[in-house]
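Asks: Pasting the sequence and the predicted model now:
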Amino acid sequence: MKMKASLLWALLIGLSNLLPALSQQDELPSTAPCFMLSADPANRNEFVLSSSPPTGTNCMQTPKDGYYRLTITPDLPGRYEMQEEDSGLGYAWSYPALGIHYCVDAGSTLTLVDFVEGAIMLVTMARLPPGETCNPEIIGYDPEYTPVEPPEVPPNGAGWSTPRYYLKADYFGYTVAGEAGVVITMENADNVEIGGDHGGDEYHSIEVQWYLDEQEKRFYGFIESNGTHWNMYEVRVYNSNGEWEYFEGLEGVVAGKRGECFYQSALVLTNDRGSEVRFSNLVLAVFLPWDEQQQPSVMAGRSSAAPEICPDPFITDSANDRTEDDQGGAVVVSVGVVPASSAPSYSGAAVLTWIVLAFCINSLLLSAS
């Protein structure tokens, strides 16, 4: 009887030790102490990235006052992902990107959750005026890497290309519910910026910003992958107030196999408010660069073998005056707002541990009685 009681107590103690581990499974991994960044130009912000102190650290902290634009460059190629401890915001990049610019408030802790062990991280800081617009971005690419050339498109089309994606459409436009049917295109656009989160093997984004009549417009598309296939799971555009209009629940709509081009002659996305995003003769390639096995004409992302990464099967109009009404045969996809689940998630190992512990405790209690 004493042996059973002792075993029962051991199991209960094990369970109590497991609970904190389960509740903390989503916390960012970090090593202490973090590297303290200095805004003094005389100080060199350089440290070794390591998950094994005291060799180095995988986190850094900004000074207690100010708003900063960081230039972050590791000396070793690979994949890096950084997250802010409090907000959960972050950024990821991988070779051939050389590093990133990142904007952060005072007193922030930035943790590298993915990095090359032993890489030397160099960080330079520039203090910004409060409220100044500052967006994270790739600072540049390996000079030996040649990205795919942007395609030529009509004035109201879309020709977007970075080392991570290639998008061509003879027509691109969107309308926001409640804005009198005003159609937003990129015709006569100023200050166009084509970029996105470089991401890694499981995620990257398409991020395009431009101005029309001094008003900022944006199109963002977020893409995920399971390694063999990809899916654009969310689209956002700016309304007239500079606020996001969301198109979510897009699973399987704009999707395909890794290493293959996506084609759609006409595509219309609508949300539950009645807003729309339209493309015609859409050609899309994502998760670049592709290797030779996936696309013989594209050698490690270089475009010298072909002017375009994806052969264009569409016969485009000779006149560059295609309108949003010329969308016969469009694939119309209505999507609603899909809130993110707030329920905690546990790994399969954790759930199995719970089941085994519960079974053992129940058996001991029954035999003790």
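Replies: Ah, there it is.
Asks: Please name the residues that touch the residue lying closest to Ser108 once chain neighbours are set aside.
Replies: Leaving aside its sequence neighbours, Ser108 sits nearest to Thr62 (CB to CB, 6 or more residues apart in numbering; 4.9 Å). Using the backbone N, CA and C atoms, a C-beta is placed for each residue, glycine as well. Taking CB atoms under 8 Å, 6 or more residues apart in numbering, we find Thr62 in contact with 37, 68, 70, 104-108, 110, 125.
Asks: So which residue is dead centre in the chain?
Replies: His204 (4.3 Å; CA atoms, centre = their mean).
Asks: Surely that residue and Arg164 touch.
Replies: Yes: counting by CB atoms under 8 Å, His204 does reach Arg164; the two are 5.0 Å apart.
Asks: Would you map out the domains in the protein?
Replies: Annotated domains of the chain cover 35-141, 158-334 [automatic domain parsing].
Asks: Which one of the ones you listed lies nearest to Val148?
Replies: Counting by CB to CB, Val148 lies closest to domain 158-334 out of these; the figure is 4.5 Å.
Asks: For the closest one, give the mean pLDDT please.
Replies: In this model, domain 158-334 has a mean pLDDT of 83.
Asks: how many neighbours does Phe247 have?
Replies: 27 (other CB atoms under 10 Å).
Asks: Surely it and Phe222 touch.
Replies: No: using CB under 8 Å, Phe247 is not in contact with Phe222; the gap is 10.5 Å.
Asks: returning to that earlier point: and the gap between the residue nearest to the centre of the chain and Ser52?
Replies: 30 Å (CB to CB, to the nearest Å).
Asks: CA-only coordinates of stretch 249-267, as PDB, when you get a sec.
Replies: Taking C-alpha atoms only, stretch 249-267 is exported to PDB below (Å, rounded to 0.1, in the frame of the first residue of the first chain):
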ATOM      1  CA  GLY A 249     -10.400  32.300 -45.700                       C
ATOM      2  CA  LEU A 250      -8.800  32.000 -49.100                       C
ATOM      3  CA  GLU A 251      -7.700  28.400 -48.700                       C
ATOM      4  CA  GLY A 252      -7.300  26.700 -52.100                       C
ATOM      5  CA  VAL A 253      -8.300  29.700 -54.100                       C
ATOM      6  CA  VAL A 254      -4.900  31.100 -55.100                       C
ATOM      7  CA  ALA A 255      -2.800  28.000 -54.500                       C
ATOM      8  CA  GLY A 256      -0.600  25.500 -56.300                       C
ATOM      9  CA  LYS A 257       2.400  23.200 -56.200                       C
ATOM     10  CA  ARG A 258       5.800  24.400 -55.300                       C
ATOM     11  CA  GLY A 259       8.000  25.100 -58.400                       C
ATOM     12  CA  GLU A 260       5.000  25.600 -60.700                       C
ATOM     13  CA  CYS A 261       3.400  28.700 -62.100                       C
ATOM     14  CA  PHE A 262      -0.100  29.700 -61.200                       C
ATOM     15  CA  TYR A 263      -2.400  30.900 -64.000                       C
ATOM     16  CA  GLN A 264      -5.900  32.300 -63.800                       C
ATOM     17  CA  SER A 265      -7.600  34.200 -66.700                       C
ATOM     18  CA  ALA A 266      -9.900  36.200 -64.300                       C
ATOM     19  CA  LEU A 267     -10.100  36.200 -60.500                       C
END
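Asks: starting at the chain centroid, how far to that stretch?
Replies: Offset of stretch 249-267 from its chain centre (CA atoms, centre = their mean, to the nearest Å): 18 Å.
Asks: ditto for stretch 155-164
Replies: Distance, stretch centre to chain centre, for stretch 155-164: 18 Å (CA atoms, centre = their mean).
Asks: got it, and stretch 102-115?
Replies: On the basis of CA atoms, centre = their mean, stretch 102-115 sits 16 Å off its chain's mean C-alpha point.
Asks: From start to finish, how long is that stretch in a straight line?
Replies: 16 Å (CA to CA, to the nearest Å).
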